[in-house]
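Sequence below, structure please.
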Amino acid sequence: MPNTCVLCNADLPQGITCESIFHEFLALEFNDPSYGQVHFLTVATYMVQHQGYSDEMYAWIQSALQKHLEEGYATESIRQDMAKGPGRTKGIRRPLDAQPLPTISWTMTIADVAAQMYDAESYCKLIEQWGRTTLKEMGPLVLKKI
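Model (predicted):
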């Protein structure tokens, strides 16, 4: 029986969830700096694909991803910007009573990264590819401009 994530439509092995993969990735990132260098992309991309952000945060994170992936903007600078961004005065998480977001047929998911990674180098390349793909496809989620 297929196991499909209802939020990102990932095909998952039986008994595995996107959230369980996400937690495995976080453990790798926190325990090994060679994995941890892509932490911002891991969290941002997972949250985008799993409807984790408020409307204001979708606009903010889209801009942050563009700066980081297209201009090389440092993650430390993103952290500093975050302290001044929408999370400073409003919640960054999507409220339970928020309007439903448009459905997106993501062409790359966390399950794809998990299935293809085999070491820190492949992991980081795949996380970056996942981030770039998500950035290209996330436009319909940006309902409000900041």
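
how about stretch 53-73: buried residues?
Going by neighbour count (16 or more other Cβ atoms under 10 Å), the buried part of stretch 53-73 is 53-65, 68-69, 73. In short, each C-beta sits where N, CA and C put it, glycine included.

tell me the two of the residues you listed that are most distant?
Spanning the widest gap among those are Asp55 and Tyr73, at 22.6 Å by Cβ to Cβ.

Among the buried residues of stretch 53-73, which are located in helices?
Secondary structure from DSSP state H places 55-65, 68-69 of the buried residues of stretch 53-73 in helices.

Could you list the low-confidence segments of this protein?
Within the chain, the stretches with pLDDT under 70 are 1-2, 85-91, 143-146.

again, only this time at 50
145-146 (pLDDT under 50).

residue nearest the centroid of it?
A centroid search over the chain (Cα atoms, centre = their mean) returns Thr45, at 1.2 Å, as the residue closest to the centre.

so which strand or helix has it?
Applying DSSP states H and E as the criterion places Thr45 in helix 39-49.

Repeat that for Glu128.
helix 120-137.

Please save the CA atoms from that helix in CSV.
What follows is helix 120-137, C-alpha atoms only, in CSV (Å, rounded to 0.1, in the frame of the first residue of the first chain):
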residue,chain,number,x,y,z
ALA,A,120,27.6,14.8,3.7
GLU,A,121,28.6,16.1,0.2
SER,A,122,25.6,14.4,-1.6
TYR,A,123,23.3,15.5,1.2
CYS,A,124,24.3,19.2,0.9
LYS,A,125,24.0,19.2,-2.9
LEU,A,126,20.6,17.5,-2.7
ILE,A,127,19.3,19.9,0.0
GLU,A,128,20.5,22.9,-2.1
GLN,A,129,18.7,21.4,-5.2
TRP,A,130,15.6,20.8,-3.1
GLY,A,131,15.7,24.4,-1.9
ARG,A,132,16.2,25.8,-5.5
THR,A,133,13.3,23.6,-6.8
THR,A,134,11.0,24.7,-4.0
LEU,A,135,11.9,28.3,-4.5
LYS,A,136,10.9,28.0,-8.2
GLU,A,137,7.6,26.3,-7.4
